[in-house]
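Q: Everything below, folded, please.
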Amino acid sequence: PALADAALWYVAAQGTLSYAVSGWAKLLGPQWRNGEALPGVLRTYTYGDRQAYRLVRRYPRTARVLGAAVLALECFFPLAYLGRGRAAPLFVGSAAAFHVVNARLMGLHRFVPAFLALHPSVLYTAGPRRAVTASGPERRDDLFPVVLAAGGVAVVAGAYRAHRRRRALVTAGRPGEQRLTTGTGNELTFRRSGRTAPGVPLVVVEGGLAATIEQNVWLERGLGERFAVLSYQRAGYGSSRYRWPGEYHLDVALRDLTDLVADQAGDRPVVVLGHSLGGYLAWLAVPRLTDRLGDRVRGVALLDATHPDELLQSAAQYSGALFHDRHFDEVAVSLRLGLGVLTERPEFVDDLPADVRDLVHAQYADPGMWAAARREWRAVRTFFGHPDARLRPVDVPAVVLTAERTATLDPVQVRLHDEMAQAAAWSHRHVVADTSHESVVVTAEGAARVVDLVAAFVDAAVAARPGRVTPDGAPGAGREPTDSGPRLSAAPRPPIRTA
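A: The predicted model follows:
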């Protein structure tokens, strides 16, 4: 009997967990919170029903009530165990009706026997511990929930300890990091590396969305063989601290970047290199940096950069945006609840130098980075719908690099990158061979190709007279790129050795 009770407890716990997790996962998505999910499901070919969809469209308030009822049923299903199970028949009956309706509307017929088979165990374990049977009084064995609760406490304690250990690693960062408090009040962590000789150009590395500077270490070290390099964590990433008191917008990031470069550039010529969203931030920062530093700003390097019109013109980028809307919310909230211990080690981590892998993995499982990414993503989505988001020309040279996989899968992005090249004083334009949006920075081979192309551009931009001129010093002819459109980069040099 004790073994049978343990088995019934296990089945009941699994069923209760299934409902609760499903409900709380739905709650993270805005479509379920604002009532759009139910009509959205019912209009699909796979799970939809034409008549039911017409009804929810005709009665939207009823649809929102039904959606809220589904959320309440699933999220609060564990309450069936309160009050000696008095509410258990209500929860179980509602869940059974829910599955029968879904079988009719969504075709989920197998869910009916599967989930209804769990319900008797829920009623049994939620009810009174003592029962009178034909053979006499019986007492249910409740050792399983005690063991389960003790295991849960141990898991929570272990997760908290792992979180503290990860947070300490993230906060410590890498050796040689410095701090600067900008005019926004944010405290930025930055590193100076590379050559230190006077007059050597300074390359400022701006990372992408949900990416710390350690993911750009190959670029940082490769460029450091030729130039001075300044890399930093945007506010909220890594050990940088977000202190801005108002509503976040991209202007906050631009002010931080401008203050940092103005503080660290000295008399050096400056080129800003940005990957993904960092590329667009670098582009927007050029006029501000020029106001502060004058003609010391010699160029901008864009690496598979974000374009402000890509969500309107590229179906691939728009579908990715829909993923980001949900993904950033779910990950940020889950990590804040202490679930970082469940995150898998990303595959790209093993492509990075060995001395930063553990740090990058800790950053990836840190809620601070994902909260910052969610904050930035919301600002991007808002800004890209604003008239000021249109691409404005810059009066400095540019090198515009597109990862080959991006060029292959999304020709629209190639056209948008061409537009960015044409909006510069003069430009170099390349497609980086054998790379994807991610591998172009996280792999030694991809980063080596980028380093060669960027280094050639920096040399040309610094050698040219400041202003709208071509690399040979002759007056610039409009804004056409000096290269004849996109081309594959040259063969890669040997991988950069870890210092």
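
Q: Every contact and neighbour count from this point should use C-alpha atoms.
A: OK.

Q: for stretch 99-117, what is the average pLDDT?
A: Mean per-residue pLDDT for stretch 99-117: 91.

Q: Just the terminal-to-terminal distance for it.
A: Taking CA to CA, to the nearest Å, the first and last residues of stretch 99-117 lie 12 Å apart.

Q: ok, and for that stretch, which residues are buried?
A: Neighbour counts over stretch 99-117 (16 or more other CA atoms under 10 Å) mark 99, 100, 102, 103, 105, 106, 112, 115, 116 as buried.

Q: which other residues reach it?
A: 15, 42, 46, 47, 48, 49, 52, 96 (CA atoms under 8 Å, 6 or more residues apart in numbering).

Q: ok, so of the buried residues of stretch 99-117, who is nearest residue 336?
A: When those are compared for distance to residue 336 (CA to CA), residue 115 wins out at 30.7 Å.

Q: Please, which helix or strand holds residue 279?
A: Here residue 279, judged by DSSP states H and E, is contained in helix 277-293.

Q: Worst mean pLDDT across the helices and strands of the chain, which element?
A: strand 130-133 (a mean of 66; mean pLDDT, DSSP states H and E).

Q: and the buried residues of stretch 99-117 as TSV, adding distance to residue 125 and secondary structure?
A: Formatted as TSV, these follow (distance: CA to CA, whole Å; DSSP: H, G, I helix; E, B strand; the rest coil):
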residue	distance to residue 125	secondary structure
99	21	helix
100	24	helix
102	26	helix
103	27	helix
105	31	helix
106	31	helix
112	21	helix
115	16	helix
116	15	helix
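
Q: buried sites along the longest helix seen in the chain?
A: Criterion DSSP state H: the longest helix present in the chain is helix 143-172. In terms of neighbour count (16+ other CA under 10 Å), helix 143-172 has its buried residues at 144, 159, 160, 162, 163, 166, 167, 169, 170, 171.

Q: How about the contacts made by the first one?
A: To tie it back to what came earlier, the one meant is residue 144. By CA under 8 Å, 6+ apart, the neighbours of residue 144 are 6, 9, 10.

Q: Out of the residues you listed, the closest to residue 283 would be?
A: When the contacts of residue 144 are compared against residue 283 (criterion: CA to CA), the nearest one is residue 10, at 56.8 Å.

Q: which residues touch the closest one?
A: Residues residue 144 are the ones in contact with residue 10 under the rule CA under 8 Å, 6+ apart.

Q: Quick check on it: phi, psi?
A: Per-residue torsions, residue 10: phi -60, psi -50 (degrees, to the nearest 10).

Q: Look up how far residue 222 lies from it.
A: 55 Å.

Q: Likewise for residue 112?
A: 59 Å.

Q: pretty sure residue 128 contacts residue 85?
A: Yes. Using CA atoms under 8 Å, residue 128 is in contact with residue 85, at 7.4 Å.

Q: Compare the two and say which one has the larger neighbour count.
A: More neighbours surround residue 85 than the other of residue 128 and residue 85, with 19 against 14 (other CA atoms under 10 Å).

Q: And residue 218, its phi and psi?
A: Main-chain torsions, residue 218, degrees, to the nearest 10: phi -60, psi -40.

Q: tell me the contacts of residue 244?
A: Applying CA under 8 Å, 6+ apart, we find residue 244 in contact with 184, 185, 186, 252.

Q: Looking at those residues, which are in helices?
A: Among the contacts of residue 244, the members found in helices (DSSP H) are residue 252.

Q: closest to residue 344 among the contacts of residue 244?
A: Distances from residue 344 to these, taken by CA to CA, are shortest for residue 186, at 30.5 Å.

Q: re earlier: using CSV, write down the CA coordinates of the helix holding residue 279.
A: Extracted in CSV, the C-alpha atoms of helix 277-293 (Å, rounded to 0.1, in the frame of the first residue of the first chain):
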residue,chain,number,x,y,z
LEU,A,277,22.6,46.3,-32.7
GLY,A,278,26.0,47.7,-31.7
GLY,A,279,26.6,48.6,-35.3
TYR,A,280,23.5,50.8,-35.5
LEU,A,281,24.4,52.4,-32.1
ALA,A,282,27.9,53.1,-33.5
TRP,A,283,26.3,54.8,-36.5
LEU,A,284,24.0,56.9,-34.4
ALA,A,285,26.9,57.9,-32.1
VAL,A,286,29.1,59.3,-34.9
PRO,A,287,27.6,62.8,-35.0
ARG,A,288,27.7,63.0,-31.2
LEU,A,289,31.3,61.9,-31.2
THR,A,290,32.2,64.3,-33.9
ASP,A,291,30.7,67.2,-31.9
ARG,A,292,32.9,66.2,-28.9
LEU,A,293,36.1,65.0,-30.7
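
Q: which is the next helix or strand following that helix?
A: strand 297-303.

Q: For residue 8, the count of nearby residues, please.
A: 19.

Q: ah, wrong one, I meant residue 245
A: 9.

Q: is it true that it lies in a strand?
A: No. Using DSSP: H, G, I helix; E, B strand; the rest coil, the assignment for residue 245 is coil, not a strand.

Q: All further residue positions should be reported with the first residue as 45.
A: With 45 as the first residue, the last one maps to residue 289.

Q: next one: phi and psi at it?
A: phi -80, psi -20.

Q: Report the secondary structure state of residue 275.
A: Assignment for residue 275 (three-state DSSP): strand.

Q: which residue sits closest to it, ignoring its sequence neighbours?
A: Take residue 275 and drop its neighbours on the chain: the residue closest to it by CA to CA, 6 or more residues apart in numbering is residue 249, 4.9 Å away.

Q: What's opposite residue 447 in the beta bridge?
A: Going by DSSP bridges, residue 447 is paired in beta bridges with residue 476.

Q: that older thread, pull out the buried members of the contacts of stretch 143-161.
A: Buried by 16+ other CA under 10 Å: 59, 86, 92, 93, 140, out of these.

Q: Need the three-state assignment for the third one.
A: The one in question is residue 92. Put simply, residue 92 is coil when judged by three-state DSSP.

Q: How about it, nearest residue that isn't a chain neighbour?
A: Closest residue in space to residue 92, ignoring its immediate chain neighbours: residue 86 at 3.8 Å, by CA to CA, 6+ apart.

Q: show me where pLDDT drops low in the protein?
A: Across the chain, the ranges flagged by pLDDT under 70 are 175-181, 362, 364-369, 429, 509-543.

Q: who's in contact with the spatially most central residue of it?
A: For the chain, the residue nearest the mean C-alpha position is residue 254 (4.4 Å; CA atoms, centre = their mean). With contact taken as CA under 8 Å, 6+ apart, residue 254 is in contact with 413, 414, 416, 417.

Q: who touches the helix or strand hosting residue 232?
A: According to DSSP H and E, residue 232 maps onto strand 231-238. Residues outside strand 231-238 that contact it (CA under 8 Å, 6+ apart) are 220-226, 264-265, 267-279, 283-287, 300.

Q: Buried residues, the one helix or strand residue 164 maps to. List them.
A: For residue 164, the element it lies in under DSSP H and E is helix 163-170. Buried positions in helix 163-170, judged by neighbour count with 16+ other CA under 10 Å: 163, 165, 166, 167, 168, 169, 170.

Q: Against residue 127, how distant is the last one?
A: To tie it back to what came earlier, the one meant is residue 170. 9 Å.

Q: Please produce CSV containing the buried residues of helix 163-170, extended by distance to residue 504.
A: As requested, the buried residues of helix 163-170 are exported to CSV (distance: CA to CA, whole Å):
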residue, distance to residue 504
163, 73
165, 74
166, 73
167, 76
168, 78
169, 75
170, 75
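
Q: Thank you, goodbye.
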